[in-house]
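Peer 1: I need the structure of the sequence given here:
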Amino acid sequence: MSDSALSYIEAGMSFAEKRAAFLAADIANARTPDFRPMDLTLEAGSSGGSARLRAVPTQVEVRGTVGAIEYAMTAQAKNSMTYRALADQERAMLHELRTVAEESRR
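Peer 2: This is a model prediction of the structure:
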């Protein structure tokens, strides 16, 4: 286990949090005339392997208001599960670190 593993988990959680805001906006605005659903994606950076966030139109063809809402709600549920899984992984890693630290004091 390393600091970089925790960094990746935290970055994933941050991405899921930002994506949740985009999806919530899609749900809230689905009935707005000429509404186009948007999503958030990670785009590989050109320097040093860094990544950046980018808003993109939803790639799935969504027909009508109900379709847009259903798509966004499904994506929101998946995003929420991803966030929860990452949080559980982070919690387990921190518990393991605490256990190691406590054992080393004995």
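Peer 1: output the below-cut-off pLDDT ranges for this structure.
Peer 2: Applying pLDDT under 70 to the chain flags the ranges 1-2, 44-53, 56-65.
Peer 1: all the helices of it, residue numbers only.
Peer 2: Using DSSP state H, the helices of the chain run over 3-29, 64-104.
Peer 1: closest one to residue 42 among the ones you listed?
Peer 2: When the helices of the chain are compared by C-beta to C-beta, helix 3-29 sits nearest residue 42, at 6.5 Å. In short, each C-beta sits where N, CA and C put it, glycine included.
Peer 1: and the residue most central in space within the chain, how far from residue 98?
Peer 2: The centroid of the chain falls nearest to residue 16 when counting by C-alpha atoms, centre = their mean (1.6 Å). Separation of residue 16 from residue 98 (C-beta to C-beta, to the nearest Å): 24 Å.
Peer 1: before we move on, the earlier item: using a markdown table, please lay out the helices of the chain together with distance to residue 37.
Peer 2: Formatted as a markdown table, the helices of the chain follow (distance: least, C-beta to C-beta, whole Å):
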| stretch | distance to residue 37 |
| --- | --- |
| helix 3-29 | 5 |
| helix 64-104 | 5 |
